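Undergrad: From the sequence below, what's the structure:
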Amino acid sequence: MKTNIPQLLMIPETINSFFGWTLNPHNLERSAGGSSGGEAALVAANCSPVGIGTDIGGSVRIPASFCGIYGFKSGWKRGSYKGILVPSRIHNAGAGGVEIKSVAGPFGWKVEDLVAIQEVLFSKELYERDMYMPPSYFNKSTYQLWASKKKLRLGYFDYDEMF
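TA: Sure, this is the predicted structure:
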């Protein structure tokens, strides 16, 4: 199944001249976000149990936030890229060009949904089918150890003497 994306990708909305706006399934007066807003809207509307979008600067995380579901951006080349098409001008930036890589990321209603997708995307079976994928598999015991923690500790900079 294919979903809606913005015409030029990389914008925080999902709109194009062919399909129009992708609206938030919880409130049709609001946006589903972008650029993977079509996939996020399908998951949020219970049309799909889970989904996968691509993310460079927030294209999974923004629609997940807008649609009230979970989304995750993995590390670049962490999983297989089979079936993911990258525009050739971005993919082949050439000498001196800065290449921005998109990353496949899951959508789901619960963190456990994302864990299930990551287990498949980072599996030994997928590695055996894609020679470009690094042999870095999902570690469920590490996830369970993290998930069992009572307190979540967050760190942030209030001021870093530069910005």
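Undergrad: wait, what's in contact with the residue lying closest to residue 138 once chain neighbours are set aside?
TA: Counting by C-beta to C-beta, 6 or more residues apart in numbering, residue 122 is the residue found nearest to residue 138 once chain neighbours are left out, at 4.0 Å. All C-beta spots, glycine's among them, are computed from the backbone N, C-alpha and C. Contacts for residue 122 (C-beta atoms under 8 Å, 6 or more residues apart in numbering) come out as 78-79, 136-138.
Undergrad: quick one: which of these is most hemmed in?
TA: residue 79 (26 neighbours; other C-beta atoms under 10 Å).
Undergrad: so that residue sits right up against residue 126, yeah?
TA: Yes. Counting by C-beta atoms under 8 Å, residue 79 does reach residue 126; the two are 7.2 Å apart.
Undergrad: Mind listing the shared neighbours of those two?
TA: residue 133.
Undergrad: burial of the residue lying closest to residue 9 once chain neighbours are set aside, as a residue count?
TA: Distances taken as C-beta to C-beta, 6+ apart place residue 35 nearest to residue 9, at 5.1 Å, with adjacent residues excluded. Using other C-beta under 10 Å, residue 35 has 30 other residues around it.
Undergrad: again with residue 21
TA: Quick note: residue 21 (other C-beta under 10 Å) scores 15 neighbours.
Undergrad: and it, what are its phi and psi?
TA: phi -80, psi 140 (degrees, to the nearest 10).
Undergrad: who's in contact with it?
TA: 13-15, 31.
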